[in-house]
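Engineer: A structural model of the following input is requested.
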Amino acid sequence: MQKPNKRLEQQTCIITGSSGGIGAAVAKALGTEGANIVVNYRSSKEAAEEVAHWVNSHQSCGEAIVLKCDVSKEEDVKALFKQTISHFGTVDVCVANAGLQIDHPLHEMPLEAWKKVLDVNLTGQFLCAKEAINEFLRRGMREEVSRSLGKIIHMSSVHEEIPWAGHANYAASKGGLLMLMESICQAYAPHKIRCNSIAPGAIKTDINKDVWSTEQGKEDMLKLIPYKRIGVPEDIGSVASWLASDESEYINGTTIFVDGGMTCYPGFTTNG
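Structural biologist: So this is what the prediction gives:
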């Protein structure tokens, strides 16, 4: 975990899907910067409370609260923002992190599996961005805390660029997210709203534990990473805390890949 330097003091950050994995690391990293944190969960309340307890028990952090929300449901997202604003007064940063995989070969993929992944991974990010933008515009500039009106960080994936056979619904959701993020920037940058994405590569979380926890799985994964290290959630948290701060104030409408070089296609090292 990075050393605190209060880059987000007096700011409030919603991190969706932050009861574990990458979301939890982002919540802790932004909290360490002095921000108030909304730890969002859909089903893992106890895990979310553990993340909030971590934030609340560290002197350098702001206050953390726990709120339930299914990001694929508009009424839930509206309630998430309403409760946050009621408690903290406003929202300064929205990290739309919640996501899932339901994997099938395309010719066997049930329509429900396609819809569920798109509903959470893409529609959920749209709903969060919409509510965040409405709050930023309603509240107006707070120059004493940030040079930006508000910040949106979408959690994407290297699969916004790299095709992924057997995971077409997931890859399509992340490819769509790229255009959503860039379109938001194009429309709202004149209002001083910043919208960017972080695209993790192979990160050690419970979702892919069955791969990296075995020697063969780890070896196969490292073949895809020029840097020869599997990432950890804290790698993403560090980038998110910087991207939410004024140190990155002129960065807008871009994806930051945090992947150890995976998007450099290491399979072509020896001419393919």
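Engineer: the residue nearest to residue 164 when sequence neighbours are not counted: what's it in contact with?
Structural biologist: Excluding the flanking residues, the one nearest residue 164 by Cβ to Cβ, 6 or more residues apart in numbering is residue 171, at 4.4 Å. C-beta coordinates here come from the backbone N, C-alpha and C atoms, glycine included. Residues near residue 171 by Cβ atoms under 8 Å, 6 or more residues apart in numbering: 159-160, 162-164.
Engineer: and for residue 220?
Structural biologist: Residue 220 is in contact with residue 211, counting by Cβ under 8 Å, 6+ apart.
Engineer: again, only using 7 Å
Structural biologist: With contact set as Cβ atoms under 7 Å, 6 or more residues apart in numbering, residue 220 has no partners.
Engineer: now do the one 10 residues further on
Structural biologist: Remark: with contacts taken as Cβ under 7 Å, 6+ apart, residue 230 is in contact with 202, 204, 212, 218, 221-222.
Engineer: tell me which two of those sit farthest apart.
Structural biologist: Pairwise distances across those (Cβ to Cβ) peak at 12.2 Å, for the pair 204 and 222.
Engineer: what's the following helix or strand after the top helix by length along the chain?
Structural biologist: Using DSSP state H, we find that the single longest helix of the chain is helix 168-188. Using DSSP states H and E, the next helix or strand after helix 168-188 towards the C-terminus is strand 193-200.
Engineer: next structured bit after that next one?
Structural biologist: Taking DSSP H and E, what comes next after strand 193-200 is helix 209-212.
Engineer: who are the packing partners of that next one?
Structural biologist: helix 215-222 (3 or more Cβ pairs under 7 Å, 6 or more residues apart in numbering; DSSP states H and E).
Engineer: what's the offset of the lowest-mean-pLDDT helix or strand in the chain from the middle of its chain?
Structural biologist: Ranking every helix and strand in the chain by mean pLDDT, DSSP states H and E puts helix 209-212 at the bottom, with a mean of 76. Counting by Cα atoms, centre = their mean, to the nearest Å, helix 209-212 is centred 21 Å from the centre of its parent chain.
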